[in-house]
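**Q** Dropping a prediction and its sequence here:
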Amino acid sequence: MKQHAESSVRVDLLGLSMKRWLQLITGVVCMIMIANLQYGWTLFVNPIAAKHHWSLPAIQWSFTIFVATETWLVPVEGFLVDKFGPRVVTIVGGLFVAAGWSLNSRADSLPMLYIGQAIGGIGAGAVYGTCVGNALKWFPDKRGLAAGITAAGFGAGSAVTVIPISKMIAASGYEATFLAFGLGQGLVIFVLGWFLRQPTSAIVAALPRPSVRRQRTAVAKMQRSPDAPQLSPSRVLATPVFWVMYLMFLLMASGGLFVTANLKPIAADFKIADVPVSMIGLTMPAVTFALTLDRLLNGVTRPFFGWVSDRIGRENTMFIAFLGEASGILALSQLGSSPVMFVVLSGLVFFAWGEIYSLFPSTCADTYGWKYAAANAGWLYTAKGTAAFLVPIATQLAASAGWSSVFLVGAAMNLTAAIMALAVLKPMRRRLLAGVKGPGRVDAPAEPARPGAGALPQATVAER
């Protein structure tokens, strides 16, 4: 009898493990489908300007609107995910993604372009916030890695389509490209959305926790405790730690978004956009090579630094990555006129930037719990929307003072965030977690205690 029970537990735990990895993979594919909405945008800027003769800053306001709607509505979408589950939010998001780029394909005025970008941003935000929040809930033992893998779909997802999009724009025009890719990406999201589920509290109780070797940290102790607190957004927004993370996210997001939106114009001004570059057995125009490599590294960095942070701590990892970003931006400003160095250094910039989308969500869930992870991470993610409003301002500054001035400001912001990680965030989080003793200090029930001997409760079969 005992042997049969142990075998049943192993089967249940194996099934649970497979289920959560399938959820993660589904989320990653959905993220890949929204990647072009942000990272493919730079390919459309010059063709739009050439056809309609709109100014570059005016066109880039549509990028700002996209990022703002993508991020600022994520807390609302996260609330809906936490309450009703991820399926309906993702399905609706897929419809918005298709509608947004379809409208862009017909936009003959700036207001129409702005509306299309706003609709696309709502759809992308619904998918992004849902998939990241779901990963944080299913992987309490590997939050950095899971958030990083999920965010990698968004960071690297456009890498395989840079060349097809460029060729289709050249052959058929940017309008047909907007329409074809918009409808295709929206359809895939719509279909996959039906397969997403979030774990119940009983499932979360049965999932693994951070390993014993991490028990030395206050964060790890709280994450392994059966009394780990679950703070709702109203409580989270009242803590100074949240706003320190928000400011750091804002500082880091600004420079990366600026380079994302302007990489092709920067290459054109450096007069190296179409210069052939041969590396690792490939030869491509510098800007195409840079875009492809940047997208890949922007994806790789998210699970990599997420995995590192699971082992050496979130703030220590932030310091290393943020310092690397500052160095990369400074080097790009000085050496970017060389086609080879432009490709290499822009890759470094994206490698040291993209990890913010795994480090900040996992730090947020570590600090405030899993139950409201989607909404809480969504509130933090709005810092990206705030940063987007600096992009057209930076573009205007570059037009008057040159790219180097913008690069210098961006490097200073990244250096400030790196110092804050160790000097401000780390001690503040330690004090916050030391002061949280159990469910009596929060406004939501504590996470249920982990069942004995790792057994999976019968209630786990019910999911939303």
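**A** Perfect, thanks for sending it.
**Q** Check K142 and give its pLDDT.
**A** K142 carries a pLDDT score of 86 in this model.
**Q** Run through this structure and note the low-pLDDT ranges.
**A** 1-13, 210-228, 436-464 (pLDDT under 70).
**Q** Please enumerate the strands of it.
**A** 276-279, 282-285 (DSSP state E).
**Q** Those: which one's closest to M318?
**A** strand 276-279 (29.8 Å; CB to CB). To be clear about C-beta, it is placed using only N, CA and C from the backbone, and glycine gets the same treatment.
**Q** tell me which strands and helices the closest one is in contact with?
**A** strand 282-285, helix 286-312, helix 339-353 (3 or more CB pairs under 8 Å, 6 or more residues apart in numbering; DSSP states H and E).
**Q** Switch these over to TSV, and while doing so, append distance to H52 and mean neighbour count to every line.
**A** Formatted as TSV, those follow (distance: least, CB to CB, whole Å; neighbours: other CB atoms under 10 Å):
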stretch	distance to H52	mean neighbour count
strand 282-285	24	14
helix 286-312	22	24
helix 339-353	28	24
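**Q** So for M33, which of these sits nearest?
**A** helix 286-312 (13.9 Å).
**Q** from the chain's centre, how far out does the closest one sit?
**A** Remark: helix 286-312 is offset 12 Å from the chain centroid, using CA atoms, centre = their mean, to the nearest Å.
**Q** a markdown table please, covering the helices and strands packed on strand 276-279 and showing distance to L390.
**A** Output for these, formatted as a markdown table (distance: least, CB to CB, whole Å):
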| stretch | distance to L390 |
| --- | --- |
| strand 282-285 | 29 |
| helix 286-312 | 19 |
| helix 339-353 | 15 |
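**Q** so which of the ones you listed gets nearest V162?
**A** Nearest of these (CB to CB): helix 286-312, 4.7 Å.
**Q** Does anything pack onto that closest one? Which helices or strands?
**A** helix 2-39, helix 143-156, helix 162-172, helix 240-269, strand 276-279, helix 314-335, helix 339-353, helix 356-368.
**Q** again, only using 7 Å
**A** helix 143-156, helix 162-172, helix 240-269, helix 314-335, helix 339-353, helix 356-368 (3 or more CB pairs under 7 Å, 6 or more residues apart in numbering; DSSP states H and E).
**Q** right, and these - which one's nearest N376?
**A** helix 356-368 (5.2 Å).
**Q** Identify all contacting residues around the closest one.
**A** Applying CB atoms under 7 Å, 6 or more residues apart in numbering, the external contacts of helix 356-368 come out as 132, 136, 143-144, 147-148, 151, 155, 219, 223, 231, 236, 241, 245, 249, 252-253, 302-303, 305-306, 309, 314, 317-318, 373, 376-377, 380, 429, 432-433.
**Q** Separate out the buried members of the residues you listed.
**A** 132, 136, 143-144, 147-148, 151, 155, 219, 223, 231, 236, 241, 245, 249, 252-253, 302-303, 305-306, 309, 314, 317-318, 373, 376-377, 380, 429, 432-433 (16 or more other CB atoms under 10 Å).
**Q** any idea how far F195 is from I149?
**A** 17 Å (CB to CB, to the nearest Å).
**Q** Give me the more crowded residue out of these two.
**A** Between F195 and I149, I149 has the larger neighbour count (other CB atoms under 10 Å), namely 25 against 16.
**Q** so what's the nearest residue to that one once chain neighbours are set aside up against?
**A** Leaving aside its chain neighbours, I149 sits nearest to P303 (4.5 Å; criterion: CB to CB, 6 or more residues apart in numbering). Contact analysis of P303 by CB under 7 Å, 6+ apart lists 145, 148-149, 152, 358.
**Q** of all those, which comes closest to V287?
**A** A152 (22.7 Å).
**Q** quick one: that closest one and N298 touch, right?
**A** No: the pair formed by A152 and N298 falls short of the contact definition of CB atoms under 7 Å, at 8.2 Å.
**Q** Can you say which of the helices and strands packed on strand 276-279 is nearest to A68?
**A** Judged by CB to CB, the one of the helices and strands packed on strand 276-279 that comes nearest to A68 is helix 339-353, at 19.0 Å.
**Q** With that, I have no additional questions.
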